[in-house]
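*Asks:* A predicted structure for the sequence below; I have some questions about it.
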Amino acid sequence: MFPPLRLDPAALTGEIAAFQRKLAAGLGNLKHQREPDYANTPRDAVYREDKLTVWHMKGQGKPTTKTPTLIVYALVNTVWMTDLQEDRSLVRNLLEQGEDVYLIDWGYPDGADRWLTLDDYINGYLDRCVDAVRKAAGAEAINLLGICQGGTFSLCYAATHGEKVKNLITMVTPVDFQTPDNMLSSWSRDLDVDLFVDTMGNIPAELLNWVYLTLKPVRLNQQKYVGLVDILDNPKELQNFLRMERWIFDSPDQAGEAFREFIKDFYQQNKLIKGEVVIGGKPVDLGMITQPVLNIFAEQDHLVPPDASRALGRHVGTTDYTQLAFKGGHIGIYVSGRAQREVPPAIHQWLSTRN
């Protein structure tokens, strides 16, 4: 048996009083915080269409590479996770390595986008964004860096428009959507997605955020806000916390029809690894991807488990396949100190031997 727990009432009272004083002082500090900003890397718009913008990111020096890289982010959340702040920026670090970086800002869908399909996004928007970057850079083919769902889009695109893709990088990208440890997949497989979309039209961002947060309810809804008290008296750390919170809850709604198709074809029927995905009448065969592929995944990722990404190596047709495991989570792979030291240099080194 465990020994009886003995509490010192005086010490406990002192800790509670100290906590209350820190909380009161911190709330005063919180009240005077300005709204945190992000996306500070200089950039120029090279293409606009409907809600989306293609940005050409600008570093302090000129790129040393001849092949530009287009970042394709997921439709969920915004692309600014890749450029969160000066010392936590995948974009900025790639620029410092000499890469020529463009990225797609998908914007915020509204009622006019209710019927957009995966064909519209991949064979329409993404294809025209690629063409815009090819034209701006004077390149016949470009590198794609696809992130999460944007990585899945990039795989579909490379399989059907291979002549425009020189190298393909995927980060925390789901390929096998039904691995046993995939909590998001378990949730979505029992979803009546037809009723869901027919009832709601576009899928509200607030609802999807709630789903993601409840996958780890204690960690994401309780512990982090209890821990907030410890940094309330540190303005820099508080700004970093608020910036992340702004990004998490600054999410676009999802175009209803594309959401329906993605849940059905990828999560519920796992068609990608079966070779059964058809987008705009074009079959998506991962075996048609013969470009060099760098697949980066996070070992502690609860949204895209490592096995969901590792599956890519068994299905692509290229003989030049590289896999990189990162010791972190789905978000940490972009913003942690370890990520800043490891990921951009690894991407640059891999690209430099193939460009």
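*Replies:* Structure received.
*Asks:* quick one: low-confidence parts of this protein?
*Replies:* Applying pLDDT under 70 to the chain picks out residues 1-7, 15, 18-33, 217-223, 225-226.
*Asks:* got the contact list for the helix or strand hosting residue 146?
*Replies:* Assigned by DSSP states H and E, residue 146 falls within strand 142-147. By CB atoms under 8 Å, 6 or more residues apart in numbering, the list of residues contacting strand 142-147 from outside reads 67-74, 82, 130, 133-134, 152-155, 157-158, 164-173, 347, 351, 355. Placement of C-beta: from N, CA and C, glycine included.
*Asks:* now the element after it, going C-ward?
*Replies:* helix 149-160.
*Asks:* centre of the chain to the helix or strand following that following helix, how far?
*Replies:* Next helix or strand after helix 149-160 toward the C-terminus (DSSP H and E): strand 165-171. Chain-centre distance of strand 165-171: 15 Å, with CA atoms, centre = their mean, to the nearest Å.
*Asks:* buried ones in the helix or strand following strand 165-171?
*Replies:* Per DSSP H and E, the first helix or strand lying C-terminal to strand 165-171 is helix 183-189. Neighbour counts over helix 183-189 (16 or more other CB atoms under 10 Å) mark 184-185, 188 as buried.
*Asks:* same question, stretch 99-115
*Replies:* 99-107, 109, 113-114.
*Asks:* likewise stretch 158-177?
*Replies:* Those would be 158-162, 164-177, for stretch 158-177 by 16+ other CB under 10 Å.
*Asks:* look up how far residue 239 lies from residue 296.
*Replies:* Using CB to CB, to the nearest Å, we find residue 296 at a distance of 28 Å from residue 239.
*Asks:* scratch that, residue 325
*Replies:* 31 Å.
*Asks:* the two: which is more packed in?
*Replies:* residue 239 (17 against 13; other CB atoms under 10 Å).
*Asks:* chain center to the one helix or strand the more buried one maps to, what's the gap?
*Replies:* Here residue 239, judged by DSSP H and E, is contained in helix 235-249. Here helix 235-249 is found 17 Å from its chain centre; the criterion is CA atoms, centre = their mean.
*Asks:* and it, what does it pack against?
*Replies:* helix 9-31 (3 or more CB pairs under 8 Å, 6 or more residues apart in numbering; DSSP states H and E).
*Asks:* now the element after the helix it packs on, going C-ward?
*Replies:* Next element after helix 9-31 (DSSP H and E): strand 43-49.
*Asks:* hmm, back to that, neighbouring strands - and their directions - for the strand holding residue 146?
*Replies:* Take DSSP bridges as the rule and strand 142-147 pairs in its sheet with strand 69-72 (parallel), strand 165-171 (parallel).
*Asks:* could I get these as TSV with distance to residue 145?
*Replies:* As requested, the strands paired with strand 142-147 are arranged in TSV below (distance: least, CB to CB, whole Å):
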stretch	distance to residue 145
strand 69-72	5
strand 165-171	4
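*Asks:* in the helix holding residue 239, what counts as buried?
*Replies:* In helix 235-249, the ones that count as buried by 16+ other CB under 10 Å are 238-244, 246-247.
*Asks:* in helices, which of the buried residues of stretch 99-115 appear?
*Replies:* Nothing among the buried residues of stretch 99-115 maps onto helices, per DSSP state H.
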